[in-house]
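Undergrad: here you go, sequence then predicted model.
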Amino acid sequence: MKGNQSWSTEVILVGFQLSEEMELFLFFIFSLLYISNLLANGTILGLIWLDPRLHTPMYFFLAHLAVIDISYASSNLPKLLENLVKHKKTISLASCAMQMLLYLTFASTECLILVVMSYDRYVAICHPLHYTVIMNWRVCTVLAITSWLCGFSLALSNLILYLRLPFCRPLEVNNFLCEILAVLKVACGNTEINKIFVFASGTFVIVGPFSLMLFSYMRILWAILKIQSGEGRQKAFSTCSSHLCVVGFYFGIGMMVYMVPDNGHRDEQKKILSLFYSLFNPLLNPLIYSLRNAQMKSAFNRALQKQRKV
């Protein structure tokens, strides 16, 4: 940081201009959604951990997805809820930087985990006889660690570039969280390098994985159409359609926020999309993968039966 800036400086998160009554109402709604996120993803983690039948590559990656969803929401929602109930809109500069690092890490890692999951489904459907050889535990572990390391590295690089900038006071960020593009708008210095790096990062974790997934699912669709058994075809479609719902929602919003050129009139839209990312996307994964997944339902029923016997 430059000049007389210090880490005690507070950032004002403009968010939405609402009455105190509406803020309390939103606090109640957002708290329910956050608690639902923790319970739903926590249940998925618990079932995968306790049920040996779910100790497969698909559920290994789903567990990572659940951890990411819990962590992503927890990196920004508690501060939002605090500001709503206290009717204030401030966050320290240090907390803002940490929030930015965490949400970029989890968002980038989720993109990469989703593409790994699509590869897992591609191998399972297109090369079923070689599935256990290709998707062995060593490969799965390497893919998961690589996804986390890439996500953290991109986030850290963005943060380092951000910290070199001087900022104008008051630091009023037009968002409810320290979203990187919104924060860059309050910088006094030249942010072209930052914006280029954000765009390059978006291309790497959004456009690249999305293109790979489209290719994978084209191959999967072709393989499904060749399945003679109606039951086998339905099972394959059910597994892949769940993943496609998550992919379409997640990558669609990501492209709208980070890949579409900013004309200066999309701030309100970006705030709403960021809110969807924080509140609804972490709930979307457990709802889709639980309600549409027979193995998860069976694992849940077995857990309930064991609990009743105790």
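TA: Nice, thanks for sending it over. Numbering: from 1, shown residues only.
Undergrad: what strand or helix carries residue 288?
TA: In this structure, residue 288 sits in helix 281-291 according to DSSP states H and E.
Undergrad: to clarify, my last question referred to residue 181.
TA: Short version, using DSSP H and E: residue 181 is in helix 180-184.
Undergrad: what are the buried residues along the helix or strand that comes right after that helix?
TA: Remark: after helix 180-184, the chain's next helix or strand is helix 192-202, criterion DSSP H and E. Within helix 192-202, the residues scored as buried using 16 or more other CB atoms under 10 Å are 194, 197-198, 201-202. C-beta here means a position set from N, CA and C on the backbone, and glycine is covered the same way.
Undergrad: check which helices and strands helix 192-202 sits against.
TA: The contact analysis (3 or more CB pairs under 8 Å, 6 or more residues apart in numbering; DSSP states H and E) places helix 192-202 against helix 137-163, helix 180-184, helix 230-258.
Undergrad: from those helices, which stretch is densest packed?
TA: Among these, ranked by average contacts under mean count of other CB atoms under 10 Å, first place goes to helix 180-184 (a mean of 21).
Undergrad: helices or strands next to the helix or strand hosting residue 132 in the packing?
TA: If you go by DSSP H and E, residue 132 is part of helix 131-134. When contacts are defined as 3+ CB pairs under 8 Å, 6+ apart, helix 131-134 sits against helix 93-126.
Undergrad: got the angle for the helix it packs on vs helix 192-202?
TA: On the basis of axes from the mean of the first three to the mean of the last three CA atoms, to 10 degrees, helix 93-126 is oriented at 30 degrees to helix 192-202.
Undergrad: ok, the most centrally placed residue in the chain - contacts?
TA: The centre of the chain sits closest to residue 107, judged by CA atoms, centre = their mean, with a distance of 4.2 Å. By CB atoms under 8 Å, 6 or more residues apart in numbering, the residues touching residue 107 are 72, 151, 205, 254, 277.
Undergrad: and if we set it to 7 Å?
TA: By CB atoms under 7 Å, 6 or more residues apart in numbering, the contact set of residue 107 is residue 72.
Undergrad: and it, how far is that from residue 75?
TA: Remark: distance between residue 107 and residue 75 (CB to CB, to the nearest Å) = 10 Å.
Undergrad: do residue 195 as well
TA: Using CB to CB, residue 195 is found at 23 Å from residue 75.
Undergrad: out of the helices and strands packed on helix 192-202, nearest to residue 16?
TA: helix 180-184 (13.3 Å; CB to CB).
Undergrad: circling back to that earlier point, need the helices and strands packed on helix 192-202 in TSV (columns: distance to residue 295 and mean pLDDT).
TA: Below are the helices and strands packed on helix 192-202 laid out as TSV (distance: least, CB to CB, whole Å; pLDDT from 0 to 100):
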stretch	distance to residue 295	mean pLDDT
helix 137-163	17	95
helix 180-184	38	87
helix 230-258	10	71
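Undergrad: now distance to residue 217 too, for these, in JSON lines please.
TA: Listed next are the helices and strands packed on helix 192-202 as JSON lines, based on distance: least, CB to CB, whole Å:
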{"stretch": "helix 137-163", "distance to residue 217": "18"}
{"stretch": "helix 180-184", "distance to residue 217": "30"}
{"stretch": "helix 230-258", "distance to residue 217": "7"}
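Undergrad: compare these and give me the one nearest residue 86.
TA: Evaluated over the helices and strands packed on helix 192-202, closeness to residue 86 peaks at helix 180-184, with 21.3 Å, by CB to CB.
Undergrad: just the CA trace of the closest one, in PDB.
TA: C-alpha atoms of helix 180-184 as PDB (Å, rounded to 0.1, in the frame of the first residue of the first chain):
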ATOM      1  CA  ILE A 180     -12.300  -8.100  -7.000                       C
ATOM      2  CA  LEU A 181     -13.700  -6.100  -9.900                       C
ATOM      3  CA  ALA A 182     -15.800  -3.900  -7.600                       C
ATOM      4  CA  VAL A 183     -12.700  -3.300  -5.400                       C
ATOM      5  CA  LEU A 184     -10.600  -2.300  -8.400                       C
END
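Undergrad: offset the numbering so it begins at 57, please.
TA: Happy to do that; since the first residue is 57 now, the last one works out to helix 236-240.
Undergrad: for that helix, name the packing helices and strands.
TA: Using 3 or more CB pairs under 7 Å, 6 or more residues apart in numbering; DSSP states H and E, the elements in contact with helix 236-240 are helix 149-182, helix 193-219, helix 248-258.
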